[in-house]
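Asker: Provided below for reference: sequence and predicted model.
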Amino acid sequence: MTADASTRILGRVMLAFEGEVLPARIDRRLVEAPAAGFTLFRHLNVRSPGQVRELTEAFQRAGSTWAVPAELPMLVAADQEGGQFLALGDGPTAFAGNMALGAVDDERLTEAVARAAGTEARAMGVNVVYAPCLDLATNPANPALGIRSFGDDPAAVGRHGAAFVRGLQGAGVAATVKHAPGMGHISNDTHHGLAVVDAPRDVLDAREFVPFRAAFAADAGARLAMSGHLSLPAVTGRDDLPATLSRAAMTDLLRRDLGFDGVTISDALDMSALAQGPSQVLDIVAAVRAGIDLLLAAADPDALHRIEDALRRAVDRELLDPAEVAATDRRVAALRGWLAAAGPAPDLSVVGGDAHRALAAELAARSMTLVADPAGVVARPFLGSDGPRGSHGRILTIMPRPADLTPADTSSLVAAALATALRRYHPDVEEIVTEQSPDDATIAAIRKRAADSDVAGVVIGTIDAHRQVAQQRVVEAIAAVSVDRPVVAVALRGPWDVATYPPGVTAVATYSILPGSLDALADALAGRADFPGRLPVRIDGLPAAPR
């Protein structure tokens with residue numbers, strides 16, 4: 001180690017901070033010591049595309065003190081996944097997300113969407129995107145995944161994951177596949193505690209690891225891989241050790257067995273699956289020794305101090321292998337060199353531009369999935385003059401108010417717009433917006449309103465009804481009083497909701513509450529478009545979609 005090794009080791013940290021302009025303390029921090037870069041968070045750093053670009057440019061200027069050579073860019077990252085997680089705000093094009101892409105099952109579209117998202121991110125000064133999620137949607141009870149996944153079929157997820165990587169990196173943005181080595185089958189959220197994938201190694205090889213192998217292959221070549229804070233007893237021999245802290249997972253498995261040669265980055269270090277407070281020091285050292293190249297810090301200054309103090313002390317106490325520290329330096333330098341080769345950022349005019357919005361509309365339209373239509377409700381237009389009881393019939397719409405169901409979620413910033421979408425085709429649409437878990441009085445009031453004679457049909461949206469029983473009760477109440485009128489129940493998030501709908505209702509999956517997806521739903525219900533999508537997951541009680 002050189003004399004300044006305990007300072008240079010701080011180049012392993014991805015900073016985070018609160019502020020829409022660069023805070024003075026971060027400017028000072030970048031003068032005093034290196035950093036890998038920083039992670040943008042929507043609620044902390046984002047107001048508009050222009051403001052984000054000014055912020056990222058200020059960060060690059062401040063960070064150039066330690067860049068070697070100076071023209072190599074700092075890493076600026078964001079969770080711009082699409083769908084339920086849009087970290088760069090309302091300005092960029094809002095794409096429906098991975099599960100919608102899985103429902104279309106067109107790798108060319110997946111690559112085009114990723115390229116568009118990457119182009120817009122670069123225009124805003126973001127050169128690393130924490131996407132795509134390669135976790136398999138094999139467990140509907142997983143609260144942290146849902147529509148962030150392409151589906152439950154390992155080969156299909158691998159195909160679309162590789163296409164997404166190609167698209168992002170074709171735009172000059174480094175893709176970050178997550179959450180290595182696969183956390184789709186967990187039953188609790190690692191933001192709140194450790195989760196376990198308790199499967200034998202042969203199952204993991206045939207299931208969880210398949211998409212990562214595809215994304216690491218030469219034709220995709222993901223530049224980064226983010227660890228998952230989950231335990232894999234079949235790999236580590238323990239059910240209490242997060243993969244992030246395990247050399248068996250982060251080095252032996254990821255690099256030797258799965259063939260990854262890029263930069264590893266931890267998932268957020270403030271998640272409760274890892275130790276917090278003073279005990280966090282040990283986990284920081286364990287993560288680096290396990291093979292984690294970069295550490296994803298949160299905005300808490302005290303936590304950042306603990307992380308950086310742990311790194312300095314680990315160097316001072318010779319707890320880190322100098323050869324491995326040097327290998328990390330080479331990998332990060334290679335990543336920065338690759339980013340520099342992408343050239344100047346695109347003009348801000350590409351953000352939310354017409355071509356990308358048209359692409360988002362294509363994705364939304366092609367993902368609409370008709371799961372069941374026992375009464376032939378969509379055989380003729382449901383909306384407009386030929387809709388239920390003609391143009392004078394009132395359509396009742398019901399949906400829960402969008403909410404963040406996990407910290408990896410920005411849904412609460414999306415308006416409840418089901419009625420708005422339907423009004424484009426039907427003159428008389430009434431809207432009821434409930435809480436995520438409506439109480440008995442609310443359900444009774446909805447049932448009474450749906451029974452009124454002026455209601456010609458009902459469109460009811462659900463969000464995670466397969467895990468929220470109260471939403472199931474709303475659909476059942478509507479169906480019970482609507483035996484002589486059509487009911488369309490729409491799974492607005494995970495498609496597993498359709499299995500909870502009572503017999504007789506028309507069941508549709510949109511995979512998204514974003515306005516473009518609700519407009520596509522209205523187009524299909526008005527007979528202006530088809531329902532070409534396919535279920536990208538197997539659902540109990542339903543025949544499997546062709547693969």
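Answerer: Right, received. Where do you want to start?
Asker: quick one: low-confidence parts of the protein?
Answerer: 1-3, 67-70, 385-392, 543-547 (pLDDT under 70).
Asker: and the top helix by length along the chain, what does it pack against?
Answerer: Of all segments of type helix in the chain, defined using DSSP state H, the longest is helix 322-341. Under the contact criterion of 3 or more CB pairs under 8 Å, 6 or more residues apart in numbering; DSSP states H and E, helix 322-341 touches strand 75-78, strand 174-180, strand 263-265. Heads up, the C-betas are built off the backbone N, CA and C, glycines and all.
Asker: give me the residues contacting the first one.
Answerer: So the one you mean is strand 75-78. 14, 36-41, 56, 59-60, 87-88, 121, 125-130, 174, 176, 294, 335-336, 339 (CB atoms under 8 Å, 6 or more residues apart in numbering).
Asker: following it, which helix or strand shows up next?
Answerer: strand 80-82 (DSSP states H and E).
Asker: okay, now the domains of the protein?
Answerer: Domains of the chain are assigned by automatic domain parsing as 19-343, 368-525.
Asker: okay if I get the helices and strands packed on helix 322-341 as JSON lines plus distance to D153 and mean neighbour count?
Answerer: Formatted as JSON lines, the helices and strands packed on helix 322-341 follow (distance: least, CB to CB, whole Å; neighbours: other CB atoms under 10 Å):
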{"stretch": "strand 75-78", "distance to D153": "28", "mean neighbour count": "27"}
{"stretch": "strand 174-180", "distance to D153": "17", "mean neighbour count": "28"}
{"stretch": "strand 263-265", "distance to D153": "26", "mean neighbour count": "25"}
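Asker: nearest to L10, out of these?
Answerer: Distance to L10, taken as CB to CB, is lowest for strand 75-78 among those, at 13.9 Å.
Asker: distance from the closest one to the middle of the chain?
Answerer: 15 Å (CA atoms, centre = their mean, to the nearest Å).
Asker: now for G158, how many residues are close by?
Answerer: The number of residues packed near G158 is 22, by other CB atoms under 10 Å.
Asker: and the nearest residue to E20 once chain neighbours are set aside, which of the three is it?
Answerer: What sits nearest to E20 in space, not counting adjacent residues and going by CB to CB, 6 or more residues apart in numbering, is R47, at 5.2 Å. Assigned with DSSP: H, G, I helix; E, B strand; the rest coil, R47 falls in the coil class.
Asker: my guess is R47 contacts L40, does it?
Answerer: No: the pair R47 / L40 is not scored as a contact, 11.4 Å apart, by CB atoms under 8 Å.
Asker: quick one: which of these two has more around it?
Answerer: L40 (26 against 13).
Asker: could you measure from that one over to A174?
Answerer: 14 Å (CB to CB, to the nearest Å).
Asker: thinking again about what came up before, list the buried ones in the very next helix or strand once past the longest helix of the chain?
Answerer: Scanning forward in sequence from helix 322-341 by DSSP H and E, the next helix or strand is helix 354-367. Residues H356, L359, A360, A361, E362, L363, A364, A365, R366, S367 are the ones in helix 354-367 that count as buried (16 or more other CB atoms under 10 Å).
Asker: among these, which one lies nearest to A403?
Answerer: Nearest to A403 among the buried residues of helix 354-367, with distances taken as CB to CB, is A364, at 21.2 Å.
Asker: tell me how far the nearest residue to V210 once chain neighbours are set aside lies from V128.
Answerer: Spatial nearest neighbour of V210, chain neighbours left out: P154 (3.6 Å); criterion: CB to CB, 6+ apart. Taking CB to CB as the measure, P154 falls 26 Å from V128.
Asker: which one's more surrounded, those two?
Answerer: Per other CB under 10 Å, whichever of P154 and V128 has more neighbours is V128, with 30 against 23.
Asker: I figured the more buried one was touching V177, is that so?
Answerer: No: V128 is beyond contact range of V177, at 11.9 Å (criterion: CB under 8 Å).
Asker: overlap of the contact sets of these two?
Answerer: L224.
Asker: OK, contacts around V498?
Answerer: V498 neighbours (CB under 8 Å, 6+ apart): V371, A372, A489, A491, A507, V508, A509, I539, L542.
Asker: what number of residues are in the vicinity of the closest residue in space to it that isn't next to it in sequence?
Answerer: Using CB to CB, 6+ apart and skipping residues adjacent in sequence, the residue nearest V498 is A507, 4.3 Å away. As a burial measure, A507 scores 24 neighbours (other CB under 10 Å).
Asker: so A507 belongs to a strand, correct?
Answerer: Yes: assessed by three-state DSSP, A507 belongs to a strand.
Asker: just checking, it touches A491?
Answerer: Yes: with contact defined as CB under 8 Å, A507 reaches A491; the gap is 7.4 Å.
Asker: any common contacting residues for these two?
Answerer: Counting by CB under 8 Å, 6+ apart, the residues touching both A507 and A491 are V371, V498.
Asker: re the thing from before, touching, the residue nearest to V210 and D205? I think so.
Answerer: No: between P154 and D205 there is no contact, the gap being 9.9 Å when judged by CB under 8 Å.
Asker: next up, the contacts around V31.
Answerer: A62, T65.
Asker: now do the phi/psi pair for it.
Answerer: Dihedral pair for V31: phi -80, psi -40, per degrees, to the nearest 10.
Asker: equivalent analysis for R159, please.
Answerer: R159 adopts backbone torsions of phi -60, psi -50, taken as degrees, to the nearest 10.
Asker: list the contacts for it?
Answerer: R159 neighbours (CB under 8 Å, 6+ apart): E107, A214.
Asker: coming back round to it: in the sheet, who's paired with the residue nearest to V498?
Answerer: Bridge pairing for A507 (DSSP bridges) gives the partners A372, A489.
Asker: how much space separates the closest residue to H466 other than its chain neighbours from F85?
Answerer: Once flanking residues are discounted, H466 sits nearest to W496: 4.1 Å by CB to CB, 6+ apart. Going from W496 to F85 by CB to CB gives 19 Å.
Asker: same deal with R331?
Answerer: 26 Å.
Asker: neighbour count winner among these two?
Answerer: Legend: neighbour count by other CB under 10 Å for R331 and F85, higher for F85 (24 against 18).
Asker: beta partners of that one?
Answerer: So, taking DSSP bridges as the rule, F85 has G82 as bridge partners.
Asker: return the closest of the buried residues of helix 354-367 with respect to H192.
Answerer: S367 (30.2 Å).
Asker: close enough to count as contact, that closest one and G97?
Answerer: No: using CB under 8 Å, S367 makes no contact with G97, being 9.3 Å away.
Asker: so L282 touches A275, yeah?
Answerer: Yes: counting by CB under 8 Å, A275 is a contact partner of L282 at 6.7 Å.
Asker: the two: which has the busier surroundings?
Answerer: Neighbour totals were compared for L282 and A275, and A275 leads with 16 against 13 (other CB under 10 Å).
Asker: tell me who's in contact with that one.
Answerer: L282, D283 are the contacts of A275 under CB under 8 Å, 6+ apart.
Asker: quick one: it and L241, what's the gap?
Answerer: A275 sits at a distance of 12 Å from L241 (criterion: CB to CB).
Asker: phi, psi of the residue lying farthest from the centre of the chain?
Answerer: The outermost residue of the chain relative to its centre, with distances by CA atoms, centre = their mean, is S453 at 42.5 Å. Dihedral angles of S453 (phi, psi; degrees, to the nearest 10) stand at phi -70, psi -20.
Asker: measure A243 to F209 for me?
Answerer: A243 is 12 Å from F209, by CB to CB.
Asker: need the residues touching each of the two.
Answerer: With CB under 8 Å, 6+ apart, A243 and F209 have common neighbours P181.
Asker: of the two, which one has the most company?
Answerer: A243 (27 against 23).
Asker: run through the residues that contact the nearest residue to that one once chain neighbours are set aside.
Answerer: Spatial nearest neighbour of A243, excluding adjacent residues (CB to CB, 6+ apart): A249 at 3.9 Å. Taking CB under 8 Å, 6+ apart, we find A249 in contact with P181, S227, L232, V235, T236, A243, A290.
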